[in-house]
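1. build me a model:
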Amino acid sequence: MLTPYFIIRKIYTLAPIGIALTLLLAACAGGNASVTTTSSTPTAPTQSTASISAIGYGVLKHAPYGRAELTWDPVSKSLTVKLSITGLVPHSIHPDHIHGGSCTIPGRLIYPLQYIIADATGNATATSTIKNITDGIPATGWLIYVHNGPYVTTDAQSLPITCGDIINPAAAKSVAVNMTTSTERDQAA
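-> Sure, this is the predicted structure:
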């Protein structure tokens, strides 16, 4: 038989545990947390804010952008593409290509380029040379994609993370292309 002393002692022992458990469950019950990330790159967007909820939305951890320089040599019929990208995930690998179309209406892959491999700070450069380009750089109809990577075997890997329309109305032998952050979801973040 339990005496009143033991019953009261059990209540005093279990009560703080029950209160702590109730408070813990209430704290985990939901709501949204706001997370702010900043970038120290002067020309990149300097701040982004996103909400994280219990269903697991992520925060974009990088916003790649950069520049591509295309140079066509009419004598050797070769096109050199130098791509410089900033804002990548450190040590990430990204396939990049020249596609037909434009960034708003992309087309098929035309020329594969050297993969871009980011350094420890998220910067990358790659130079590719394409042979047998007889007509030079077109006025319009080409774009450069940097894909999510590290390969392009799945839809998530194929997502473009930065894009630049190649525009050459003066039929110049050299063209600079601004590479801007894509509006697609960024899986490599």
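
2. let's verify residue 157: helix, strand, or coil?
-> helix (DSSP: H, G, I helix; E, B strand; the rest coil).

3. any idea how many residues pack against it?
-> Using other C-beta atoms under 10 Å, residue 157 has 16 other residues around it. Where you see a C-beta, it was placed from the backbone N, CA and C, and this is true even at glycine.

4. now do the same contact list for it.
-> Residue 157 is in contact with 147, 148, 149, 150, 151, 187, counting by C-beta atoms under 8 Å, 6 or more residues apart in numbering.

5. do I have it right that residue 182 meets residue 159?
-> Yes - Residue 182 is within contact range of residue 159, at 7.4 Å (criterion: C-beta atoms under 8 Å).

6. residue ranges with poor pLDDT in the chain?
-> For the chain, the stretches with pLDDT under 70 are 1-61, 183-189.

7. got the domain boundaries for the protein?
-> For the chain, automatic domain parsing gives the domain ranges 1-29, 31-60, 65-181.

8. measure stretch 165-181 end to end?
-> 12 Å (C-alpha to C-alpha, to the nearest Å).

9. who touches that stretch?
-> The contact list for stretch 165-181 (C-beta under 8 Å, 6+ apart) reads 63-74, 83, 85, 87, 98, 102-103, 136-140, 142-144, 146, 161-164.

10. at 6 Å what do you get?
-> Residues outside stretch 165-181 that contact it (C-beta atoms under 6 Å, 6 or more residues apart in numbering): 63-66, 68-72, 102-103, 137, 139-140, 142-143, 162, 164.

11. would you map the strands across the chain?
-> 33-38, 47-52, 65-73, 78-86, 93-94, 96-101, 106-112, 116-117, 124-130, 142-147, 160-166, 174-181 (DSSP state E).
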